[in-house]
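**Student:** Structure for the following, please:
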Amino acid sequence: MAANYMFARSACRLGMVLFSLVTASFADPATPALSPTNIFSPASTPANTIFGLSIFVLAVTAGIFLVVFSLLAYAVVKFRKRTDDDGREPPQVYGSNQVELAWTVIPVLIVVALFMATARVIGSVQRAAKPSNAIEVIAIGHQFWWEYRYPGLGVVTANELHVPVSDPAHPTPTFIKLLSVDTDHSFWVPRLNGKTDLIPNHPNNTWIDPHETGLYLGQCAQYCGTQHAKMLLRVYVQSRDEFDRWIRQQSQPAQLSDAASEGQHIFETTACINCHAVAGTVADGRFGPDLSHLMSRDTIAAGAAANTPENLRRWIRNPDSIKPGSLMPAMELSDRELDALAGYLMTLR
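**Tutor:** Purely as a prediction, here's the structure:
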C-alpha cells in the first residue's frame, strides 16, 4: 500500500509538471514570458527550432508517461487484494515472445525517432549559412566576466552584448565566435539559442537573429569557479538605427574631463592600468574589462550589481563585497583617492 501511495504521489507531481510545461509552451506569444530565461518563449530562429524539438520530446515523453501510468493504475485496481482472496498465487506466466518483442522494438523506434529529430535540429542550427550582412562578434569568457569584440566595427566592450534586431523577411543574424582564456564556460541565452561551450584552445561558434527588440538575459551554464553563478549575460537587441548609434558612440575615444585629472592620474599610476584599457589614454591592459565607455553600461561585475556611483565606489574599494572570489584586487586607496578615481571612471561614457 505504501509503495502504491508513493508511486501515485510521484505520478501526480510529474503530471503537474507536464501540465505546467504544456501550458507554458502553448501560451499566447504576445503574453510576456513567465521568466526572462524561459525556453518556451523563443525570440530567435535557432531558439524557435529548439523550442519545436522540446515540444516534440515533451509530447513523446508525456505519451510514454500516460501509457505506463494507465497500465500501472489498471494493474493496481484490477489485481488489488480482496477480502475473498484465498491466498493462492495467480497463474504464473514465464516468457512471451510477443511481449518481449514489443518492449524491445517500441523503445528502439522511440529512441531512433528522438535521435533523428535531435540530429536534424542540431544540424540546421550548426550548419546555418552566414550571409554577407551578418554582424560578427567574438565573445571571450573570463573568470568571471564576458568580453565582446566586434572585429569589423572596431568596438570592444564587456558583459553587455548589443546586436541589431533581425527582420525575418531580411535576416540580419549575429554570428558569435566563442573563445575562453582560462577554463570552460558556456554561452547560454535561452530565448535566443541553446547553450554552447567555450573551451580553451578550441574555438566554438553560435548565432542568433532576434526578432524582437529588448533585453535578453542569460547565464554562464558551465561551472567555471567560485563566481560562476554571477557570470551573467545581458543581450540588448536594438533597432538598426539605435545599434548604429551605439557603435558610433563606442568607437569614440573616452571623453576625458579636466575635473577628473586627479582620478585619471591615480588610475594610470596604480595597478588599474595593468588590467584595464581606456581608449585615448596610455591604459591598454587586457586582463580586465575595457573601461572606455564604462558608464554607458547598466551593470558592473558581469551583471552582479547596477552601475551606480555607490556600487562603483564599493566595487573599487572591496570587490569581494559584491562578488566574493572576484579576481579583481582591493586597491587599498584612501577615501580621497577612492573618490577621485570613482569620479574619473564616472566620466567614461
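**Student:** quick one: low-confidence ranges for the chain?
**Tutor:** 1-34, 257-259 (pLDDT under 70).
**Student:** Could you identify the longest helix within it?
**Tutor:** Determined from DSSP state H, the single longest helix within the chain is helix 45-78.
**Student:** tell me what the next helix or strand after that helix is packed against?
**Tutor:** Next helix or strand after helix 45-78 toward the C-terminus (DSSP states H and E): helix 97-126. For helix 97-126, the packing partners by 3 or more Cβ pairs under 8 Å, 6 or more residues apart in numbering; DSSP states H and E come out as helix 45-78. All C-beta atoms are positioned from the backbone trio N, CA, C, and that covers glycine.
**Student:** any idea how far the longest helix of the chain is from the chain center?
**Tutor:** 26 Å (Cα atoms, centre = their mean, to the nearest Å).
**Student:** Summarise which helices and strands that helix is packed against.
**Tutor:** Against helix 45-78 (3+ Cβ pairs under 8 Å, 6+ apart) you get helix 2-25, helix 97-126, strand 204-208.
**Student:** Only the buried residues of that helix, if you could.
**Tutor:** Across helix 45-78, burial judged by 16 or more other Cβ atoms under 10 Å covers 45, 46, 47, 49, 50, 51, 53, 54, 62, 69.
**Student:** Report the contact partners of the closest residue to residue 344 other than its chain neighbours.
**Tutor:** Among residues not flanking residue 344 along the chain, residue 263 sits closest, at 2.7 Å (Cβ to Cβ, 6 or more residues apart in numbering). Counting by Cβ atoms under 8 Å, 6 or more residues apart in numbering, residue 263 makes contact with 340, 341, 342, 343, 344, 345.
**Student:** Mind doing that once more with 6 Å?
**Tutor:** Counting by Cβ atoms under 6 Å, 6 or more residues apart in numbering, residue 263 makes contact with 340, 341, 343, 344.
**Student:** Might you specify the subset of the residues you listed located within helices?
**Tutor:** 340, 341, 343, 344.
**Student:** From residue 215, how far off is residue 160?
**Tutor:** Separation of residue 160 from residue 215 (Cβ to Cβ, to the nearest Å) stands at 9 Å.
**Student:** Between the two, which has more neighbouring residues?
**Tutor:** Each of residue 160 and residue 215 has its neighbours counted (other Cβ atoms under 10 Å); residue 160 has more, 20 against 11.
**Student:** From what I see, the more buried one and residue 235 are in contact.
**Tutor:** No - at 8.0 Å, residue 160 and residue 235 do not qualify as touching, with contact defined as Cβ atoms under 6 Å.
**Student:** list the contacts for residue 341?
**Tutor:** Residue 341 neighbours (Cβ under 6 Å, 6+ apart): 263, 266, 267.
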